[in-house]
Each structure stands twice: as C-alpha cells, then as structure tokens.
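Undergrad: here is my input; please provide its structure:
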Amino acid sequence: MLNQYLNTTTIFKKETLWALSFVLLSIIVSLIYLLSNGSVFTTVAIILLILIITLTFYRLTWGFYLFICLVLLFDQFPPRGYGITIIGVEYFLNLKSLNLFKNIEFAVINPLELHLILLILAWIFVFITRKNLYFQKIPNWLALILLFFWLSLSLIIGLSRGGDFLPALWELRALFYMGFMIIITPQIIQSKKDLINLIWFIIVTLTIKAFIGIIRLIRLGFDFGGRTELTNHEDPLFFISLMILLLSFILFKYKSSQKTFLYYIFPLIFIIFLFSQRRAAYAAFFMGIIAFLFLIQKEHLKTLLKFLIPFLIIFTIYTTIFWNSTGTIAIPAQLVKASITEPKNPSDLRFYSNLYRKVENYNLAQTVVKSPIIGIGFGKKYDQPIPLVHIPFPLQEYIPHNEIFWIMVKSGAIGFFFFFLFFNSYIFQISLLYKKIDDPYLKSICSMIIIATIGQLVVSFYDLQLTYYRNMIFLGTLLGLLPTIKTITALNNK
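TA: Next up, the predicted model:
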C-alpha cells in the first residue's frame with residue numbers, strides 16, 4: 001500500500017509539473033504575441049530562441065548538433081528563380097536588416113553569431129560546473145595563429161587606407177567562422193559517440209536538402225526554364241563529402257546503419273549533384289577522386305577501380321552521346337564540355353560567364369601589382385582597369401569569383417603564404433593520422449575531411465566559396481574533428 005501511495009504521489013507530482021509548465025508556456029507565448037503587436041514571426045522566433053538556449057545549456061552536444069543542422073539546412077543566399085525558398089535566410093542576415101533593429105548602428109551582428117556566442121557561454125558553463133569536458137589541444141596552432149593574425153592585420157591595413165568596414169566584415173566573417181569552429185568543435189565533440197551523432201545529423205540534414213532539390217526538379221517538370229541551380233551553390237560540395245564517406249565505408253568494409261542509410265540515399269544525392277549546374281563542384285569531385293586514389297592503399301585501390309572504371313566508361317558514352325544536346329538530361333554532359341572546352345557561341349550563357357571571369361582575373365592581377373607583399377587590405381575595392389558588367393551582387397567590387405587570387409590581392413604574398421601553410425599543414429596532419437588509424441569508421445571520417453578540404457580549395461578557385469558562411473562552418477567543423485579523432489585513436493590503442 002505504501003509503495004502504491006508513493007507511486008501515485010510521484011505520478012501526481014509529474015502531471016502537476018507538466019501542467020504548470022504548459023500553463024507557464026501559454027502565458028509566455030501570449031505575452032510575447034501581445035508585446036510584438038501580433039507578430040507571428042517575432043513570437044515564433046522568440047519561442048525558438050528560448051528552446052535553443054534551454055537545449056544548449058541542458059545538453060551542450062545537442063545544442064552543437066542543432067547549430068550545425070541550422071547552418072546546413074538554411075539558405076544564406078536563396079536559389080534564384082524559385083520565389084519561395086526554405087525559411088531561414090534571416091539566420092544569416094545582420095540584425096539591422098530587421099525593422100526592430102534598423103536604426104541601431106552597431107546591430108551588424110547576425111543570429112548565427114549570437115548562436116556561436118551561446119555555444120561559447122554554454123561550453124564555459126559546462127566546463128566549470130559539470131567537469132565532464134576537458135580542453136583538447138589544437139594541432140597546427142602556430143599556422144592557425146599566423147593566418148588569422150595576418151588576416152586581422154590586413155583588415156587594419158585596408159581600413160587605414162580608406163576601406164569600408166561593412167564590406168570588410170562581409171569579406172572576413174566566413175574565414176573567422178572557420179577558425180572558431182576549428183577551436184570549439186573538439187571542445188564539444190570529445191567521444192566516438194559524439195562523433196557518430198554529429199555525422200548522423202550532417203547526413204540527415206543534407207538528405208533533406210537533396211529532397212528539396214528533387215521536389216523542385218519534379219515540380220519544374222524536369223525543365224529548369226533558364227534556372228541555374230536546384231539548391232544552394234554550396235550544397236553540391238557538401239554532397240561530395242557524403243559520397244566520399246560512403247565510398248570509404250565500402251572500401252574499408254565498415255558495416256553500420258550510416259552506411260546502409262547512405263546506400264539508400266546515394267541515388268538521390270548523386271542526381272542532385274549531377275544536375276546542380278555547378279562546374280566548380282564537378283572540378284572538386286574530379287580532384288577529390290584523384291586525391292583519394294593517392295590516399296588509399298593498393299588493395300583498396302584495386303577495389304575502387306572495379307567501381308570507377310565501369311562508371312567512367314558509362315559516363316564517357318553518355319557524354320559523347322549528349323555532347324551537342326541541350327535538353328535537361330544533357331546538363332551534366334554540357335557542364336563537362338564547358339569545363340574542358342571554351343564556349344564560342346555568344347548565345348551560350350557560359351560564354352559570358354567565362355569572359356567575365358577572365359576580365360575579373362585580369363583586374364585582380366593588375367591590383368596585385370600595387371601592393372604585392374602585404375596586399376591592399378580588406379574593405380578596399382580591387383581595381384577595374386577593364387570595367388566589369390554589373391551583376392546582382394552588392395560586393396561585386398570587393399569580392400571576385402576567384403577567391404584564391406582574392407587572398408593574394410587582399411593580404412599579399414605574406415597572407416597567401418600563411419593561407420596555404422595553414423591548409424597544407426592540416427591536410428598533412430590528417431593524412432598522417434589516416435595512415436596510422438585501424439578503425440574503419442575513423443579512417444572513413446579522415447578520408448572525408450581530406451577530400452572536403454581539397455574540394456573547398458578547388459571550388460574557391462572558380463567561385464565565391466571562401467566567403468560563404470555555410471562552407472566555412474562546415475569545413476571548420478570537419479577540421480576541428482582532428483583532435484577528437486586523435487584522442488579516440490589513442491584510447492583505442494591503450
């Protein structure tokens with residue numbers, strides 16, 4: 001009887017607590033709705049903010065997963081030509097763009113940055129109070145410090161020469177996001193379980209993006225109608241990482257639910273990748289496969305070639321058949337053609353795209369001559385001895401398509417050296433770790449990180465990919481997994 005009474009009392013207390021929680025939540029929602037003059041957007045935004053803060057402090061790793069999901073799911077730049085896109089553009093916009101903050105001059109911070117600050121505060125709170133976290137050392141810390149010290153100095157140089165602060169902020173934000181993620185990721189993701197969960201969230205979120213692309217393709221009747229993209233510019237690069245991950249699972253004979261899931265969604269991801277109309281992504285995929293061939297061992301190489309050679313034969317036949325076709329089915333063939341041949345027909349949009357980039361590169365080369373050692377600095381426009389055709393991009397005069405040359409223009413030969421010192425040292429460190437690892441899962445993750453880094457450098461040579469927030473956060477997260485993988489490997493070897 002006593003036990004029954006205690007159980008009944010416990011259930012009653014829980015039900016009462018839940019009831020009070022719902023009442024309190026209803027009061028809070030009502031107050032927010034009234035104070036915002038009936039704004040549904042503001043009400044929903046504040047409720048989500050409360051939930052995000054609660055989740056992050058309650059369980060830091062889940063708050064981190066949520067952050068990565070939001071970055072990968074939302075659109076920084078909505079795909080052109082679709083009218084309605086996925087909600088979330090506001091996540092990347094300065095608060096000044098909202099009516100509530102438009103008159104506040106210093107409101108140049110965005111919700112993404114507020115979310116990053118929340119992660120820092122939650123990490124400090126957990127580190128101090130729960131003692132279940134430890135600080136992981138950052139490898140290649142000297143290369144990291146040199147790069148970001150020089151980027152900061154280049155900002156000062158640019159502003160001292162009359163540069164504009166807001167364009168400089170837009171130029172540098174993404175790179176600094178990458179640096180932040182390299183530091184914070186290993187402080188939160190510290191076990192194999194955490195790592196597996198993170199990869200799951202990345203896989204599922206990118207699958208959702210691929211489904212969005214498929215839905216658009218079907219609704220368009222498989223006719224792009226002049227549109228040049230199905231999802232964001234960055235998404236095909238992310239899909240390459242998933243394809244390399246699946247390929248690694250197969251070669252290293254790793255069996256798991258992640259491998260099974262990737263098997264089922266591979267056709268979906270591959271179709272969206274092929275029809276993404278991103279030549280830079282094709283180049284990144286090609287270079288990634290070449291790098292992967294050099295990375296893997298001989299026995300794995302033989303297995304890979306059994307998959308790769310039939311694929312190349314089929315794709316070569318397909319490309320030959322549709323070399324001069326213009327239909328939707330011929331889009332991948334036309335992208336390959338445009339990548340290896342020079343479009344000569346002025347009616348071809350890629351003819352003007354290539355011409356624009358050539359003029360842009362010439363202008364960058366002429367600008368470098370002015371300050372080859374330290375660069376012109378961020379916030380400064382690069383010279384245009386040959387004026388560029390206007391395009392709908394507000395930072396056209398500050399950020400070119402070729403962002404590898406852009407690094408040279410803005411930070412000079414010194415910054416260019418530090419930039420590649422940083423990336424080369426990370427690729428070297430991860431490659432060394434890859435050779436030492438026996439765990440097939442960790443080995444697969446290392447493969448994905450290496451190819452993702454190489455792919456990022458390749459696409460940045462062709463397109464604006466060092467200044468896109470989503471790219472740099474994704475890459476910084478992957479690079480930040482290096483200390484975690486080292487720690488897990490050391491524990492496995494004990």
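Undergrad: dihedrals phi and psi, Ile189?
TA: Dihedral angles of Ile189 (phi, psi; degrees, to the nearest 10) stand at phi -90, psi 100.
Undergrad: right, I mislabeled it, should have said Phe249
TA: phi -60, psi -40.
Undergrad: for Gly327, see how far away it is.
TA: Applying CB to CB, to the nearest Å, the value for Phe249 to Gly327 is 35 Å. In short, each C-beta sits where N, CA and C put it, glycine included.
Undergrad: more neighbours, these two?
TA: Phe249 (22 against 11; other CB atoms under 10 Å).
Undergrad: tell me where the model's unsure across the stretch 1-150 of the chain.
TA: Applying pLDDT under 70 to the stretch 1-150 of the chain flags residues 1-43, 81-87, 98-106.
Undergrad: quick one: the helices in it?
TA: Assigned by DSSP state H, counting those that start in this stretch, the helices in the stretch 1-150 of the chain fall at 2-35, 40-58, 60-73, 111-129, 141-160.
Undergrad: try the stretch 351-494 of the chain
TA: Under DSSP H, counting those that start in this stretch, the stretch 351-494 of the chain gives helices at 403-436, 440-462, 469-479, 482-492.
Undergrad: who touches the last one?
TA: Where contact means CB atoms under 8 Å, 6 or more residues apart in numbering, the residues beyond helix 482-492 that reach it are 136-139, 185-186, 189-192, 194-195, 426, 429-430, 433, 436-439, 442, 445-446, 449.
Undergrad: if we can go back for a sec, could you point out which of the helices of the stretch 351-494 of the chain sits nearest Lys131?
TA: Lys131 sits nearest to helix 482-492 of all these, at 17.2 Å, using CB to CB.
Undergrad: can you point out the buried residues in that closest one?
TA: By neighbour count on 16 or more other CB atoms under 10 Å, the buried set for helix 482-492 is 482-489.
Undergrad: how many degrees apart are that helix and helix 403-436 in direction?
TA: Here helix 482-492 runs at an angle of 0 degrees relative to helix 403-436 (axes from the mean of the first three to the mean of the last three CA atoms, to 10 degrees).
Undergrad: wait, doesn't Leu251 sit right on His300?
TA: Yes: taking contacts as CB atoms under 8 Å, Leu251 lies within contact range of His300: 4.5 Å.
Undergrad: pick out whichever of the two has more residues nearby.
TA: Taking neighbours as other CB under 10 Å, Leu251 and His300 compare with Leu251 leading, 21 against 18.
Undergrad: OK, contacts around that one?
TA: Neighbour list for Leu251: 296, 300, 303-304 [criterion: CB under 8 Å, 6+ apart].
Undergrad: can you pick out the most distant pair from those?
TA: Maximum distance among the contacts of Leu251 (CB to CB): 8.8 Å, for Ile296 and Thr303.
Undergrad: so for these two, which sits in the more crowded spot?
TA: Ile296 (20 against 15).
Undergrad: any idea how far Ser447 is from that one?
TA: From Ile296 to Ser447 the distance is 8 Å (CB to CB).
Undergrad: next: Leu48.
TA: Between Leu48 and Ser447 the distance is 36 Å, computed by CB to CB.
Undergrad: ok, now Asp164?
TA: 42 Å.
Undergrad: of these two, who's got more company?
TA: Using other CB under 10 Å, the more surrounded residue of Asp164 and Ser447 is Ser447, with 26 against 15.
Undergrad: pretty sure the more buried one contacts Tyr434?
TA: Yes: Ser447 is within contact range of Tyr434, at 6.8 Å (criterion: CB under 8 Å).
Undergrad: find the residues that touch each one of these two.
TA: Common neighbours of Ser447 and Tyr434 (CB under 8 Å, 6+ apart) are Leu295.
Undergrad: thinking again about what came up before, which of the helices of the stretch 351-494 of the chain sits most buried?
TA: helix 469-479 (a mean of 25; mean count of other CB atoms under 10 Å).
Undergrad: against which helices or strands is it packed?
TA: If you count contacts as 3 or more CB pairs under 8 Å, 6 or more residues apart in numbering; DSSP states H and E, helix 469-479 packs onto helix 60-73, helix 165-188, helix 235-251, helix 440-462.
Undergrad: average pLDDT for it, rounded please.
TA: Average pLDDT, helix 469-479: 96.
Undergrad: gap between it and the chain center?
TA: 5 Å (CA atoms, centre = their mean, to the nearest Å).
Undergrad: run the angle between that helix and helix 111-129 for me.
TA: 30 degrees.
Undergrad: in the stretch 151-300 of the chain, where is pLDDT below threshold?
TA: 224-228.
Undergrad: one more time with 50
TA: Scanning the stretch 151-300 of the chain for pLDDT under 50 picks out nothing.
Undergrad: can you tell me how far Asn402 sits from Tyr362?
TA: 11 Å.
Undergrad: those two: who's more crowded?
TA: Asn402 (18 against 13).
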